[in-house]
Every structure is written in structure tokens, then in C-alpha cells.
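Asks: Generate a structure from the sequence data that follows.
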Amino acid sequence: MPVKVLAVSKNYTVMQFLEGRLVKEIRIMDYCVLSAAFDMYNVLKPDVLLLEINWSKHVYTQNVYEVAAKLLSVKPAAQIVAITHFHNMGTQQAVQSAGIKGYVYLESPVMSSREVLVHLNETILAVGSGKAFFCERIPDN
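Replies: Numbers count the residues shown, from 1 in each chain. Model (predicted):
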């Protein structure tokens, strides 16, 4: 049975590109923007919420953590994976503190594009099965 994912992003083109590179055990159910994430989660009941955390303004980034906190307060078993273009331990620690179970950075000076896609698949599958999964090869810039 595939891991069902709701993808929250401001950039559907990137999400569709990534969807085409996910393993067959992962299925994107739908896409939405941040303001619709909580309601869409409740309607679709995905196994994993794939949540983009690098929005263009700081206020939106704060709202990402608020959406995660709201969801986890109502549904403590919710499984969330954060995706971002940031690649540093500070962001990973903030994500973990927010109760998010996985963190994938889409650009990396130490990983090839193929390795990033493998990590994305591994993270979604692990978090979808209830495990936390964080990459250990994140440089601190």
C-alpha cells in the first residue's frame, strides 16, 4: 500500500517535478498552499504532510511552524516532512523542535541531485511508517 502524501508548496511545478521522481510506494494525493494545509489534511487524511518551509517572507516561514503546531495539537500522530532549500543544522533543529519528523533539503553542496532524490524517497517512506528520519550530511553554513 503506498504512502499517501499531501504536498504543501507555493511552487506546484517543483512539486510535480519531484512527484515524477518518487518511488511507486509513494503517492501524492493532492497539492495545496499553506493557508489550506490544515483543512486539506483533515479532508484527505494523508499518511504524510510534505511541507515546504522556505517561503519568501519570514512571516510565512513562521506560519509554517504554526500550521505544524496546530496540526500536531489536534492530531498528535500526524507525520510531517519538511522540505527546503536551506541546508544547515539550525533549520534542522528548528524543524525537529516543532515536532516535524523528517527534513529534506533540495539543494546540497555535499550531495548529488540523485542522492537528494534518494533521500527524499527514504524520508517520506520512513516518516510514513512512523519513524523520524533526518539526513546526517547537512553542512553548517
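Asks: after the worst-scoring helix or strand of the chain on mean pLDDT, next one along is what?
Replies: Ranking every helix and strand in the chain by mean pLDDT, DSSP states H and E puts helix 58-74 at the bottom, with a mean of 77. In the C-terminal direction, the helix or strand that comes right after helix 58-74 (DSSP states H and E) is strand 80-84.
Asks: Tell me which residues are up against that following strand.
Replies: 9, 48-54, 64, 68, 71-72, 91, 95, 99-106, 120, 123-124, 127 (Cβ atoms under 8 Å, 6 or more residues apart in numbering). Glycine gets a C-beta too; all of them are placed from N, C-alpha and C.
Asks: For the chain, which segments count as helices?
Replies: For the chain, the helices defined by DSSP state H cover 12-19, 37-44, 58-74, 89-97, 113-128.
Asks: The third one - contacts with which helices or strands?
Replies: Meaning helix 58-74. Applying 3 or more Cβ pairs under 8 Å, 6 or more residues apart in numbering; DSSP states H and E, one finds that helix 58-74 makes contact with helix 37-44, strand 48-52, strand 80-84.
Asks: How about residues contacting it?
Replies: Taking contacts as Cβ under 8 Å, 6+ apart, the residues outside helix 58-74 that touch it are 8, 34, 37-38, 41, 49, 51-55, 78, 80, 82, 94, 98-100.
Asks: try stretch 13-33
Replies: 2-10, 12, 40, 44, 46, 50, 106, 117, 120-121, 124-125, 128.
Asks: any idea how far Val5 lies from Val33?
Replies: Plainly put, Val5 is 16 Å away from Val33 if you go by Cβ to Cβ, to the nearest Å.
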